[in-house]
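J.: one predicted model, sequence on top.
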Amino acid sequence: MNVINKTIDLGDGRTITVETGKLAKQADGAVTVRMGNTVLLATVCGAKDAAPGTDFMPLQVDYKEKFSAFGRFPGGFTRREGKASDYEVLTSRLVDRVLRPLFPDDYHAEVFVNIILFSADREDIPDALAGLAASAALAVSDIPFNGPISEVRVARTGGRFVINPTFSQLENADIDIMVGATADNIMMVEGEMSEVQESDMLEAIKVAHEAIKDHCRVQLELAEECGKTVKRAYNHEDNDENLRAAVREACYDKVYAVAVSGSGKQERTEAFEAIKEEFKAHYSEEELGEKSALIDRYYHDVEKEAMRRAILDEGKRLDGRKTAEIRPIWIETDYLPGPHGAAVFTRGETQSLTTVTLGTKNDEKIIDDVLTHGKERFLLHYNFPPFSTGEARPQRAVGRREIGHGNLAHRALKRMMPEQYPYVVRIISDILESNGSSSMATVCAGTLALMDAGIPIRKPVSGIAMGLISENKGTNYAILSDILGDEDHLGDMDFKVTGTKDGITATQMDIKVDGLSYEILENALAQAKEGRLHILGKITEAMPQPRPELKPHAPRIETFTVGKEFIGAIIGPGGKIIQGIQEKTGATISIEEIDNKGVIEVSGSNKDSIDAAIKAIKIIVAVPEVGEVYEGKISSVMPYGAFVEFMPGKDGLLHISEIDWRRLDTVEESGLREGDPVTVKLVDVDPKTGKFKLSRRALLPKPEGHKEQERPQRPPRQNNGGGGGHSHNRDGGRRGGNN
């Protein structure tokens with residue numbers, strides 16, 4: 001067994017170990033990556049040949065976490081790992097986005113990358129190691145790959161940048177981004193920030209890149225020691241250079257004319273398609289059977305070249321805009337009567353209809369991942385139906401792209417939510433039209449819908465997607481604001497930036513070319529800020545501030561705390577008390593212990609039901625006060641008086657002498673019976689026993705000329721013992737327990 005180990009020093013006493021040759025040796029490449037108690041296994045397997053007709057890179061990256069990695073059982077009926085969680089999907093996407101552009105353009109064999117978390121603790125965050133593990137597995141395989149790459153998380157906490165921070169270090173970070181890169185070029189950035197400046201974000205990327213360079217160096221050494229520097233031979237494309245030249249000769253000028261015409265998406269798409277079909281018309285059906293796929297490929301290259309040349313040479317974009325120009329924006333808030341907040345945000349040919357729903361504690365999302373447990377009170381879901389791009393196909397389950405786009409918008413908005421907000425908030429963005437950056441439309445529409453719902457967000461947030469067309473390793477380039485779908489597809493960069501007027505809140509960047517300098521990134525950030533503030537102005541013009549009140553049909557919530565010792569009394573045996581209050585008032589009540597206090601949330605459709613529930617709870621938790629008047633019920637009648645439950649769970653003695661101003665020989669003379677309601681005043685609390693003394697007489701008018709009559713003394717009662725239950729003495733004390 002030829003086991004090879006390499007160590008990466010993080011410089012703060014922590015190390016990362018990369019090992020190959022011990023596990024999963026039948027895979028084309030396999031490595032384990034370990035940092036502390038966190039251990040990942042990454043494997044890669046590639047088909048020898050491409051499937052016929054494949055003209056793209058069929059890469060599949062799957063990141064999976066085993067619950068046993070943290071000594072846990074999975075939830076659910078089967079008690080085994082099921083479909084990928086959102087966290088696993090997002091981690092898979094982070095790795096995929098860096099690997100995919102670095103496979104050779106003409107390599108079309110299926111490649112499967114599997115990354116499995118086998119051991120973990122609550123210190124190190126495993127997703128920061130997934131990119132390194134995947135790239136190292138490719139490095140020790142013979143699969144063609146223009147790497148290596150690596151990914152690191154960089155956080156700024158306490159004013160200091162930390163590479164691959166721990167969970168605890170991340171809690172107070174104002175920058176949290178994942179950066180993927182080769183030794184020479186940044187490939188991917190994604191993360192969230194607390195309104196930081198562009199220069200701070202750029203500095204974080206530079207710090208991350210320096211760490212990645214060491215990761216790449218170690219992988220090259222590993223590949224050399226494994227003898228995998230020479231990759232497998234392949235031939236996945238059969239090209240016809242004469243046909244390529246014929247397509248360009250016949251179509252380029254026509255395509256270029258459409259590219260600079262400034263036409264709309266549908267008109268432009270139909271014009272491009274007509275040019276291609278016109279060229280294909282010169283061939284017979286038999287010839288097209290052999291050449292159609294090649295013509296499609298070469299024509300795509302012509303479209304790409306024409307679009308790029310139009311921008312670089314004439315500064316003309318496909319829709320006729322200037323490079324920094326934002327498409328027209330129209331906004332409508334309070335668009336739907338049913339949701340608690342709603343807004344339509346349309347920018348050019350991209351449109352989001354976004355709604356906000358307010359819920360109670362019972363609506364919290366339960367998170368039960370391997371390392372993350374808890375509840376989420378702010379949810380954002382993004383939907384991208386096929387009709388938004390005019391496609392005639394069915395809508396299936398939520399895909400990885402929708403999860404990723406929704407996560408970006410969620411990150412952009414979540415730090416602007418008010419602290420200790422009592423409601424659970426769900427945003428739903430339905431994309432009704434799409435031609436460029438629907439995730440950024442979601443951010444803008446989400447801000448508007450939150451304000452329309454009357455949620456006092458800290459500041460409005462806007463987002464913009466930037467593009468890049470470059471040549472000669474970035475010596476000639478154009479930065480594009482508010483990119484179209486075609487500019488994203490045919491361009492060199494997709495760079496999304498969200499933020500308030502005071503700084504950046506989230507970002508996502510994918511770069512498809514080598515040699516992107518920090519100067520270009522800095523210029524792109526500056527142009528993005530200009531565009532972002534322009535869009536923010538449109539948002540605040542449409543809705544300057546959140547509505548002062550919730551919509552009339554939105555649920556109302558009141559939150560307050562009680563002593564921990566009262567939780568059981570409020571819930572009651574088997575939930576009897578709390579369920580009874582909910583049934584009687586129509587309100588919904590939740591209670592939990594936080595920081596040794598009982599936190600109670602009462603919600604309802606109207607104020608009366610909430611007030612009634614709160615009153616019932618406060619009666620339970622109230623401390624009896626001498627001098628206060630209470631509505632009670634007689635729980636038992638004795639010869640010397642009656643016991644009255646004047647508060648839930650609290651009985652006091654209404655002595656026979658305190659029932660009325662006139663002298664009574666028996667309680668029955670007053671007309672009071674067990675179960676009768678009675679209004680009483682708390683007149684005393686015995687400091688030693690804590691027993692309550694009540695009076696009804698104190699609430700009645702004193703008869704004119706009334707004189708107190710002395711009662712004859714009775715001899716002390718003999719204690720004969722025996723008998724079940726409580727016995728009572730003359731002064732009302734119950735033997736056997738305190739009241």
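T.: Structure received.

J.: run through the residues that contact residue 567.
T.: Going by CB atoms under 8 Å, 6 or more residues apart in numbering, residue 567 touches 591, 593, 598. C-betas here are computed from N, CA, C, even on glycine.

J.: go on, residue 45?
T.: Residue 45 makes contact with 27-28, 111-112, according to CB under 8 Å, 6+ apart.

J.: relative to residue 389, how far out is residue 339?
T.: Noted for residue 339: a distance of 25 Å to residue 389, by CB to CB, to the nearest Å.

J.: quick revisit: adding distance to residue 325, write the contacts of residue 567 out as TSV.
T.: Written out in TSV, the entries for those read as follows (distance: CB to CB, whole Å):
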residue	distance to residue 325
591	55
593	56
598	57
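
J.: take those residues and keep only those in helices.
T.: Secondary structure assignment by DSSP state H places none of the contacts of residue 567 in helices.

J.: now these as a markdown table including neighbour count and pLDDT?
T.: Formatted as a markdown table, the entries for these read as follows, by neighbours: other CB atoms under 10 Å; pLDDT from 0 to 100:
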| residue | neighbour count | pLDDT |
| --- | --- | --- |
| 591 | 18 | 91 |
| 593 | 10 | 89 |
| 598 | 22 | 90 |
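
J.: could you point out which of these is nearest to residue 204?
T.: Of all these, the one sitting nearest residue 204 is residue 593; the distance, using CB to CB, is 38.8 Å.

J.: got the contact list for the closest one?
T.: For residue 593, the contact set (CB under 8 Å, 6+ apart) comprises 564, 567, 599.

J.: quick check: it vs residue 702, distance?
T.: Following CB to CB, the distance that separates residue 593 from residue 702 is 48 Å.

J.: before we move on, what about residue 238?
T.: 113 Å.

J.: the more surrounded of the two?
T.: A side-by-side neighbour count of residue 238 and residue 702, using other CB atoms under 10 Å, places residue 702 first with 9 against 6.

J.: not counting sequence-adjacent ones, nearest residue to that one?
T.: Leaving out its chain neighbours, the residue that sits closest to residue 702 by CB to CB, 6 or more residues apart in numbering is residue 661, at 6.0 Å.

J.: tally of neighbours for the one you found?
T.: The burial metric for residue 661, expressed as a neighbour count using other CB under 10 Å, is 15.

J.: could you do the one 4 residues further on as well?
T.: Number of residues near residue 665 (other CB under 10 Å) recorded here: 9.

J.: what distance do you get for it to residue 636?
T.: Distance, residue 665 to residue 636, by CB to CB: 19 Å.

J.: excluding chain neighbours, what is closest to residue 503?
T.: In space, residue 503 comes closest to residue 195 once its chain neighbours are excluded; the distance is 3.2 Å by CB to CB, 6+ apart.

J.: following the helix or strand harbouring the one you found, which helix or strand comes up?
T.: Taking DSSP states H and E as the definition, residue 195 sits inside strand 186-196. Scanning the chain past strand 186-196 towards its C-terminal end, the next helix or strand to appear is helix 198-226 (assignment: DSSP H and E).

J.: residues contacting the helix or strand that that next one is followed by, please?
T.: Toward the C-terminus, helix 198-226 is succeeded by helix 241-259 as the next helix or strand (DSSP H and E). When contacts are defined by CB under 8 Å, 6+ apart, helix 241-259 is touched by residues 268, 271-272, 275-276, 279, 291, 294-295, 298-299, 301-303, 305-307, 309-310, 316, 318.

J.: where does the stretch 401-550 of the chain have low pLDDT?
T.: Across the stretch 401-550 of the chain, the stretches falling below the confidence threshold (pLDDT under 70) are 515.

J.: show me where it has strands.
T.: Counting by DSSP state E, counting those that start in this stretch, the segments of the stretch 401-550 of the chain that form strands are 424-433, 462-471, 476-481, 493-500, 503-511.

J.: what's the closest of those strands to residue 414?
T.: Each of the strands of the stretch 401-550 of the chain has some distance to residue 414 by CB to CB; the shortest is strand 503-511, at 8.5 Å.

J.: kind regards, and thank you for your time.
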